[in-house]
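*Asks:* Sequence unavailable; structure follows:
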DNA sequence: CCATCTATTGGCTGTAGAGCCAATTGTTAT
DNA sequence: ATAACAATTGGCTCTACAGCCAATAGATGG
């Protein structure tokens, strides 16, 4: 905790403070859930008065939505770095192998919880809803791009990269739907489901997307 | 609405009133979400004072959990009636065909939302958590039973009915994960995903689980 | 018909959060 | 140095909900 009990007030530029608040909110949303992103909770974490949060985010839902976008954007870039960034850092095959390896790890649990959280909360929060839809499509397009690239390089075979991306993500989301409940009991049957389906969608041999 | 503005009080047996309360809570949970299951909301719907709800459910979380179980139990029996009920009403093949037909309909939307809702809320509500786990396993076992029966009758071919059931439900849940957000944009690629995967898991030809 | 039982009422309190704003204080430009 | 500006404080009100309980009023058995 940034516990500055009640020391002198620290003054930052608006942009910096804003970033700080969003970052704190993203972390709380990721670790404790989006309903814990409250004025008081974020202010406490930053060692600041709750009125300050209101100054930057008069409507709390806007902060919640931005926290979600911040967290999922960072995660997407970690899981599937933009291809164009490094001319030939990863090929599409290795990118997907890496992706399936990463989402199997326990570090992905909080992100699974966040998506579940956001998808439900979207029912009541229009601002969040729009950002969730937007992020869902971003994730999908990122996969689609990689598939399209892979097809061009003849690494994959796929009629409809968009449809394949949608299906792959649906199975990923399906397998992580039980993260808060009966995940334990479903481990084995679901361990390779998404990867296997992806291999089928891309015309790869079984195990073709397993990390070498 | 059962609007009895402020007429005389109606007295019912404890068991009957209790059932009434759970039924009302289940409906609210299904149509508006489990966080709308509040003392006031349920009392209003029944034309009753909110103190009465407290009399039957001193801890509101118990009502929420029971509402969830009530709604999902009814739904499961509607989608996959117990085989033993009718000695030969449906064969396993027809039971699954019917299942996949039903979950494609719009009437299934509220149930999808309820599961999403409950799986997220389980993060914060231990009582609900246990009921969700319990219901998840019931749904899974029901599918497993049908598969086992189908294998016995040589209608299906499947090594591990439990694993197949887990996988089928994961894809069903994955396809319905977007119900509050980008479901529209994903319709086509996901329309037959669960059914197709089930066919593969059960050694059936493509379309073998489509409703004739 | 009366007494007892209990379902039901109609309040009460405490908490947590959102939204709001005048006063204060650190920073920056004149 | 001082004035102007903008970040920050430290409150305020209002709402919704959970949990609780003494009093009331329908039902039921003696």
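*Replies:* Here it is on my side, so go on. All of these numbers come straight from a predicted model, not from anything done at the bench. Numbers count the residues shown, from 1 in each chain, chains lettered A, B, ... in the order given.
*Asks:* Neighbours of the residue of chain A found nearest chain B, how many?
*Replies:* Distance from chain B to each residue of chain A (CB to the nearest CB) is smallest for residue A:174, at 2.2 Å. No exception for glycine: its C-beta is placed from N, CA and C like everyone else's. By other CB atoms under 10 Å in any protein chain shown, the residues close to residue A:174 number 27.
*Asks:* And residue A:205, by the same measure?
*Replies:* 7.
*Asks:* How about residue A:41?
*Replies:* 17.
*Asks:* Quick check: closest non-adjacent residue to it.
*Replies:* Spatially, and ignoring its direct neighbours in sequence, residue A:41 is nearest to residue A:28 (6.1 Å; CB to CB, 6 or more residues apart in numbering or on different chains).
*Asks:* which helices and strands sit right next to the helix or strand harbouring the one you found?
*Replies:* With secondary structure defined by DSSP states H and E, residue A:28 is part of helix A:14-31. With contacts taken as 3 or more CB pairs under 8 Å, 6 or more residues apart in numbering or on different chains; DSSP states H and E, helix A:14-31 sits against helix A:39-46, helix A:50-56, helix A:60-79, helix A:109-121.
*Asks:* Could you list the buried residues of the second one?
*Replies:* Going back to what we said before, that points to helix A:50-56. A:52, A:53 (16 or more other CB atoms under 10 Å in any protein chain shown).
*Asks:* tell me the angle of the helix holding residue A:28 relative to helix A:39-46?
*Replies:* Interaxial angle of helix A:14-31 relative to helix A:39-46 (axes from the mean of the first three to the mean of the last three CA atoms, to 10 degrees): 110 degrees.
*Asks:* tell me the mean pLDDT for helix A:14-31?
*Replies:* In this model, helix A:14-31 carries a mean pLDDT of 98.
*Asks:* Any idea which residue is closest to the centre of chain A?
*Replies:* residue A:72 (3.1 Å; CA atoms, centre = their mean).
*Asks:* Surely that one is in contact with residue A:135?
*Replies:* Yes: using CB atoms under 8 Å, residue A:72 is in contact with residue A:135, at 4.8 Å.
*Asks:* quick one: the residue of chain A closest to chain B and residue B:178 touch, right?
*Replies:* No: taking contacts as CB under 8 Å, residue A:174 lies outside contact range of residue B:178: 10.9 Å.
*Asks:* Report pLDDT for the closest residue to residue A:116 other than its chain neighbours.
*Replies:* Nearest non-adjacent residue to residue A:116, counting by CB to CB, 6+ apart: residue B:120, 5.0 Å away. Note on residue B:120: pLDDT of 98.
*Asks:* In stretch A:56-76, which residues are buried?
*Replies:* A:57, A:60-61, A:63-72, A:75-76.
*Asks:* hmm, who's touching that stretch?
*Replies:* With CB atoms under 8 Å, 6 or more residues apart in numbering or on different chains as the test, stretch A:56-76 has contacts from A:14, A:17-18, A:21-23, A:25-30, A:34, A:37-39, A:42, A:53, A:111, A:114-115, A:118, A:121, A:125, A:127-128, A:130-132, A:134-135, A:138-139, A:142.
*Asks:* Drop anything exposed from those residues.
*Replies:* Listed as buried from the contacts of stretch A:56-76 are A:17-18, A:21-22, A:25-30, A:34, A:37-39, A:42, A:53, A:111, A:114-115, A:118, A:121, A:125, A:127-128, A:131-132, A:135, A:139, A:142; burial here means 16+ other CB under 10 Å.
*Asks:* max-length helix in chain A?
*Replies:* helix A:126-152 (DSSP state H).
*Asks:* Please identify the residues of chain A in proximity to DNA strand D?
*Replies:* A:6, A:9-14, A:17, A:48-52, A:54-55 (CB under 7 Å from any atom of the strand).
*Asks:* So which of those would count as near DNA strand C as well?
*Replies:* Here is what survives when the residues of chain A next to DNA strand D are matched to DNA strand C using CB under 7 Å from any atom of the strand: A:9, A:11, A:50, A:51, A:54, A:55.
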